[in-house]
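> coords please:
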Amino acid sequence: MACVAYILKRYPRYSETFVVNEILAHEAAGLKIEIFALRPSSDTHFQNIISQVRASVTYIRKPIQGRMSESLNSLAPTAASYFWAELQEASKVIPDFWSKLAIAQGEKASTVYQAAWLAREAQLKNITHLHAHFGTIATSVARLASHFTGIPYTFTAHAKDIFHESVEFEDMQRKLQDAATVVTVSDYNLKHLQKTYSVAAKKVQRIYNGLDLRQLQYSSPAERPPLIISVGRLIEKKGLSILIDACAILKQKNYEFQCQIVGTGSLESALRQQIQDLELQSTVEIVGPRPQNEVFQLMQQAAVFAAPYIIGKDGNRDGLPTVLLEAMALGTPCVSIDVTGIPELIRNGETGLIVPQHDAKQLAMPSLSETLQRTAGFANALEQVLTDPVLRVKLSAQARQLIESEFDIHRNAAMLRELFHTAIKPRRLEIAAIQTKSVCAD
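Sure thing, here's the model as predicted:
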């Protein structure tokens, strides 16, 4: 029986519900999953759907003393002794392990250590495939573990892992070349990878993230109050300063409305100061993080979902945010900016409203500051949705249809499983079939 190991930098993560959705869809289809996290979560809040995951979670940490005792006689283990002990343990279950270490040249010691740890565990648990999310450290570890064991690996590329200024060309090129297949979450990402990495990106395929639509019931926005909502981390690429400026424009035009921003992040203090400076305390509220079910309730109370995403100064940007899929599935019309793959989802005038990122002064108002003029286009789009119930219903109905046709998690996860099964080598299936003490066996 196939058993797929999911390799993640941290698990669980408050903002990575797309990973949980994917795992739950695999489990619903009967696929055996093991989760390996390189680090424990650093979040303070968690989404309630995490409790539905059946897969066990293993954190790659220092080896227990028992695993060191046969290899070392040190009374005071050091980082070097832990590293050496793990290599010794891995060599006991992985044929020709020492000769395979050459491929790790140039990698960080921590990556090699974690890869050896993962390789040993994957061998003992009869893992048949490795899949990492994000083309950063998790994929680095999966790539080495794959080489050590012969177990194929794939990974999903999202956004920061391919666009950020810290991405190393040669490192990403190796990962693309060595993977059995690579998945990315938008056509925009696919074109970027193909243009940047040419032949190395020939195996990349686009599979959209998805939602379990049985858990997201559509509700018409026709009678909703004039409430704007935005949900996401309070960081640069979310563009929330644009939203706050847009609210100042709407307030100056004497519109009655409220705006709620759900989330937490490094820019929280700056955004709160911006709200205070613009005297919007009675209109715009940062409500902090909320569990997913409460976020859904807030979304269905709002007349419009605001997503003023931008490309950060460091190149960081969103791929195709899951929260947009959720808002559209729930019937909340979305207003966003035409960056990255967002126009694949929000089709202007059809499934939402899009503001051109380089044309934000289309409604320039001399009485406003230059900063506010930049966001007049976004304010205008919000105004259209807030004040036109017929438009809201039209956009939301067509958005739900798009989500149902292209973003159903069960259909999209099935496409991903097909890639897993194609990548699994026949000899690994034979080995898995004859084992009787596999963690993944029924």
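> hang on, Pro291 packs against Ile49?
No: the criterion here is Cβ atoms under 8 Å, and Pro291 misses it with Ile49 at 9.2 Å. Backbone N, C-alpha and C define where each C-beta goes, glycine included.
> could you pull out the strands for the stretch 1-150 of the chain?
Listed in chain order, the strands of the stretch 1-150 of the chain (DSSP state E, counting those that start in this stretch) span 3-11, 32-40, 57-59, 129-133.
> Can you list the neighbours in contact with the third one?
For strand 57-59, contacts defined as Cβ atoms under 8 Å, 6 or more residues apart in numbering pick out Tyr11, Glu34, Ile35, Phe36, Ala37, Leu38, Arg39, Pro40, Glu121.
> Tell me where the stretch 1-150 of the chain has helices.
Using DSSP state H, counting those that start in this stretch, the helices of the stretch 1-150 of the chain run over 17-28, 65-69, 79-93, 97-100, 109-124, 137-149.
> Check the contacts of strand 57-59 for the minimum pLDDT and say which it is.
For those, the weakest pLDDT value sits at Pro40, with 87.
> Ok, which of the helices of the stretch 1-150 of the chain comes nearest Leu402?
Leu402 lies closest to helix 17-28 among the helices of the stretch 1-150 of the chain, at 17.2 Å (Cβ to Cβ).
> beta partners of the closest residue to Ala307 other than its chain neighbours?
Nearest non-adjacent residue to Ala307, counting by Cβ to Cβ, 6 or more residues apart in numbering: Ser336, 3.9 Å away. Taking DSSP bridges, one finds Ala307, Ile354 as the beta-bridge partners of Ser336.
> Select the longest helix from the chain.
Ranked by residue count under DSSP state H, the longest helix found in the chain is helix 389-406.
> next helix or strand past it?
helix 409-423 (DSSP states H and E).
> Which positions in that next one come out as buried?
Neighbour-count burial for helix 409-423 flags Ile409, His410, Asn412, Ala413, Leu416, Arg417, Leu419, Phe420, Ala423 (criterion: 16 or more other Cβ atoms under 10 Å).
> In terms of secondary structure, what does that helix contact?
Judged by 3 or more Cβ pairs under 8 Å, 6 or more residues apart in numbering; DSSP states H and E, helix 409-423 is in contact with helix 17-28, strand 129-133, strand 153-157, strand 181-184.
> per-domain residue ranges of the chain.
Annotated domains of the chain cover 3-210+408-434, 214-406 [automatic domain parsing].
> Lys394: how many residues sit nearby?
Applying other Cβ atoms under 10 Å, we find 15 residues neighbouring Lys394.
> Distance check, it against Asn380.
The gap separating Lys394 from Asn380 is 18 Å, by Cβ to Cβ, to the nearest Å.
> Count the neighbours of the closest residue in space to Ser186 that isn't next to it in sequence for me.
Excluding the flanking residues, the one nearest Ser186 by Cβ to Cβ, 6+ apart is Gly341, at 2.8 Å. Look at Gly341: counted by other Cβ under 10 Å, it has 24 neighbours.
> can you give me the strands in the stretch 151-300 of the chain?
153-157, 181-184, 204-206, 227-231, 258-262, 284-288.
> With mean pLDDT, mean neighbour count and distance to Phe296 added, can I get these in a markdown table?
Output for those, formatted as a markdown table (pLDDT from 0 to 100; neighbours: other Cβ atoms under 10 Å; distance: least, Cβ to Cβ, whole Å):
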| stretch | mean pLDDT | mean neighbour count | distance to Phe296 |
| --- | --- | --- | --- |
| strand 153-157 | 98 | 26 | 24 |
| strand 181-184 | 98 | 24 | 26 |
| strand 204-206 | 98 | 17 | 27 |
| strand 227-231 | 98 | 24 | 10 |
| strand 258-262 | 98 | 21 | 11 |
| strand 284-288 | 97 | 17 | 14 |
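> Mind putting the ones you listed into CSV with distance to Glu268?
Listed next are the strands of the stretch 151-300 of the chain as CSV, based on distance: least, Cβ to Cβ, whole Å:
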stretch, distance to Glu268
strand 153-157, 29
strand 181-184, 30
strand 204-206, 34
strand 227-231, 13
strand 258-262, 9
strand 284-288, 7
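> got a list of what the spatially closest residue to Asp338 that is not a sequence neighbour touches?
Leaving aside its chain neighbours, Asp338 sits nearest to Ile354 (4.9 Å; criterion: Cβ to Cβ, 6+ apart). Counting by Cβ under 8 Å, 6+ apart, Ile354 touches Val335, Ser336, Ile337, Asp338, Ile342, Pro343, Ile346, Arg347, Asn348, Ala381.
> Thanks again, I'm all set now.
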